[in-house]
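Asker: Pasting the sequence and the predicted model now:
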Amino acid sequence: MAKTKLSWIVFVVTGLIVAAMSYILDRIRGTKNLVFFAFIGVVLILYGLSKLLMGIAINIGKPKREYKHTPEYHKKDHGYKYCPKCASKLRSTFNFCYNCGERVN
Ligand SMILES: [Zn+2]
C-alpha cells in the first residue's frame, strides 16, 4: 500500500531532478542539447501528478470499507471472553485459555 501511494512522488521528484539538471546544465554550457531530457522530466512530473489525481479519483469513487469499527462489528464481538489469569481474548466457546491453559467458563 505504502509503495503504490509513494510511486507518484517518485515520478514527480525524478522528473523535477531530470528537468532541473537538464535546464541547469544547458544554461551553464549555453547549449540546448538537453532540451529533450528537460522535456522527459516535465513528462515524468505530469505523469506523476496524473497518477496522484487518478489515485484521489479512485479513492473518492470507492465506498469506504471500515467494517471493523461499525456498531454491527462490536455486536458480533460479544462471542468473546477474556482469560481471568492472563487477559487473553478468547472465543466464548473455549473452555481453556490457549495462552496460559487456565480454565475459563
Ligand atoms: Zn490465559
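Answerer: Noted; the coordinates are in hand. Numbers count the residues shown, from 1 in each chain.
Asker: Around the ion, which positions in the chain sit nearby?
Answerer: Contact residues, the chain versus the ion (CB under 5 Å from the ion): Cys83, Lys85, Cys86, Ser88, Cys97, Asn99, Cys100, Glu102. To be clear about C-beta, it is placed using only N, CA and C from the backbone, and glycine gets the same treatment.
Asker: try 8 Å this time
Answerer: When proximity is defined as CB under 8 Å from the ion, the chain approaches the ion at 83-88, 90, 97-102, 104.
Asker: Now do the phi/psi pair for the residue of the chain positioned farthest from its centre.
Answerer: The centre of the chain is farthest from one residue, Gly30, which by CA atoms, centre = their mean lies 43.0 Å away. The phi and psi values for Gly30, taken as degrees, to the nearest 10, are phi 70, psi 20.
Asker: which residues sit in contact with it?
Answerer: Gly30 makes contact with no residue, according to CB atoms under 8 Å, 6 or more residues apart in numbering.
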